[in-house]
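# Kindly generate the corresponding structure for this input.
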Amino acid sequence: MNIKIIGLGGIGSILSDQICRFANYSINDFKVKITLIDGDEYEHKNNERQTFNSFGSKADVKQYELSSKFSKLTISSIPNYIDSNNISTILSDGDLILMGVDNHKTRKIVSDYCTTLDSVTLISGGNDYTDGNVQIYHRREGKDLTPDLCAYHPEIDNPRDKLPTEMSCEELSKSEPQLLFTNLTAATLMCQAFYNVGIRDEVKYCESYFDILTMKADSKIRKVKN
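Numbers count the residues shown, from 1 in each chain. The predicted structure is shown next:
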């Protein structure tokens, strides 16, 4: 099993630890390889929502941290943001991809590329301050079993934001406020999706909306658009 985790911020830093813990102790039938992908640096300002053992490249720091805890896994790092120039060298047919990025342009690039692969599972989570959603794109033998990320989301299909690689240092330093508990909810729902699709190979729902203020999660069945 090849697992690729894109984005190691508020969602990904939580998610990566839980996925590695599960894979190390609960998956015994096959070799698990996990690749951590993020071009960002962990800084002091991230302390309130993210857990890293030291400052520096998020991908490299997290790779060292997780490798020291979960010896059964093969964990590697790619300390780069994903974009249209490098995506074909990072993602491959048969991958199980967990994406926790904070911009629609990256979501579209990854979703569009996944539609060109023969078989792939993409689980994408994102959130605002107190609510968010998780999407599942499941494709097998050249056929979409669920809609891609853009199908029901015009804001992803026609993104108005920028890739991190297109932003200035000033733009990168500014970010929308995030809440730890909302990040945790998104990561937890992504773990549930990973278990249902990646482990049980069962897809009943392909999108879930959640709101921590109402303590509700609403799952949706979406039809594949032709």
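# Give the bridge partners for the residue most central in space within the chain, please.
By Cα atoms, centre = their mean, the chain has its centre lying nearest to residue 99, at 1.5 Å. When bridges are called by DSSP bridges, residue 99 pairs up with residue 6, residue 124.
# hey, where'd the strands end up in this structure?
2-6, 33-37, 41-42, 56-57, 74-78, 96-99, 120-127, 131-140, 143-144, 207-211, 216-220 (DSSP state E).
# among those strands, which gets the worst mean confidence?
Confidence, taken as mean pLDDT, is least for strand 41-42 of these (a mean of 74).
# Hmm, residue 222 and residue 147 touching each other?
Yes. Counting by Cβ atoms under 8 Å, residue 222 is a contact partner of residue 147 at 4.9 Å. Where you see a C-beta, it was placed from the backbone N, CA and C, and this is true even at glycine.
# out of these two, which sits in the busier spot?
residue 147 (20 against 14; other Cβ atoms under 10 Å).
# Quick check: neighbours shared by residue 147 and residue 222?
Common contacts of residue 147 and residue 222 (Cβ atoms under 8 Å, 6 or more residues apart in numbering): residue 206.
# ok so, going back, please tabulate the strands of the chain in TSV and include distance to residue 68 as additional columns.
Listed next are the strands of the chain as TSV, based on distance: least, Cβ to Cβ, whole Å:
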stretch	distance to residue 68
strand 2-6	17
strand 33-37	14
strand 41-42	16
strand 56-57	15
strand 74-78	10
strand 96-99	21
strand 120-127	26
strand 131-140	29
strand 143-144	39
strand 207-211	32
strand 216-220	34
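# where does the nearest residue to residue 24 once chain neighbours are set aside land on pLDDT?
Nearest-residue entry for residue 24: residue 70, 3.8 Å, with adjacent residues in sequence omitted and distances by Cβ to Cβ, 6 or more residues apart in numbering. pLDDT for residue 70: 92.
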